[in-house]
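Trainee: Provide a 3D model corresponding to the input given below.
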Amino acid sequence: MECGETYRGSTVGADKLLVSPNAGDALYAVCPTTDGTYYFDACGSAYDTYLHLYSGTSPSITDRFAECDDASGSGPALERCQQCSISTRTFMVATLEAGECYTLVIDGWSSSEGDYSV
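Mentor: Residues are numbered from 1 along each chain as shown. Have a look, this model is predicted:
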């Protein structure tokens, strides 16, 4: 993923790769070039989103660094989760380090799948 770009796709029928055994996932590598605060905005998605950020990239994904479902979340890199105007969408703010790579997982709550925009 590149900063400032919007990524769109669908998790309908996608493989259930990492998190929920009931909802398809979309995975993106995130490799920041500067330390700082990064924003992952899935407010424009068409289903109940759940965002996860793992250290490492496939196939060597390791620890979950941050996760947000709607306005709540956890993880050592998580600064905050914000509620979108549609309460079942997700906006995650995380602190990331330059030179490290992470995997953003766009997931759905429970079995929710659909079109996403991040």
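
Trainee: which residues in the protein form strands?
Mentor: 8-10, 26-30, 36-41, 49-55, 64-69, 72-74, 78-83, 90-96, 102-108, 115-117 (DSSP state E).

Trainee: got the contact list for residue 6?
Mentor: Contacts were defined as CB atoms under 8 Å, 6 or more residues apart in numbering; by that measure residue 6 touches 117, 118. (Glycine included, C-beta is placed from N, CA and C.)

Trainee: for residue 40, see how far away it is.
Mentor: In this view, residue 6 and residue 40 are 11 Å apart by CB to CB, to the nearest Å.

Trainee: can you pull the residues that touch both of those two?
Mentor: Counting by CB under 8 Å, 6+ apart, the common neighbours of residue 6 and residue 40 are residue 118.

Trainee: list the contacts for the residue most central in space within the chain?
Mentor: Per CA atoms, centre = their mean, the C-alpha nearest to the average position across the chain is that of residue 51, at 3.2 Å. Shown in contact with residue 51 (CB under 8 Å, 6+ apart): 40, 42, 66-69, 90, 92, 104-107, 118.

Trainee: about what we covered before: looking at the strands of the chain, which is closest to residue 18?
Mentor: Evaluated over the strands of the chain, closeness to residue 18 peaks at strand 102-108, with 5.3 Å, by CB to CB.

Trainee: partner strands of that closest one and their direction?
Mentor: Next to strand 102-108 in the sheet, as set by DSSP bridges, lie strand 26-30 (antiparallel), strand 49-55 (antiparallel).

Trainee: columns distance to residue 77 on top of those, output as TSV?
Mentor: Shown next, in TSV, are the strands paired with strand 102-108 (distance: least, CB to CB, whole Å):
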stretch	distance to residue 77
strand 26-30	11
strand 49-55	6
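
Trainee: which stretch among those strands is buried most, on average?
Mentor: For the strands paired with strand 102-108, ranked by mean neighbour count under the definition mean count of other CB atoms under 10 Å, the leader is strand 49-55 at a mean of 25.

Trainee: thanks again, I'm all set now.
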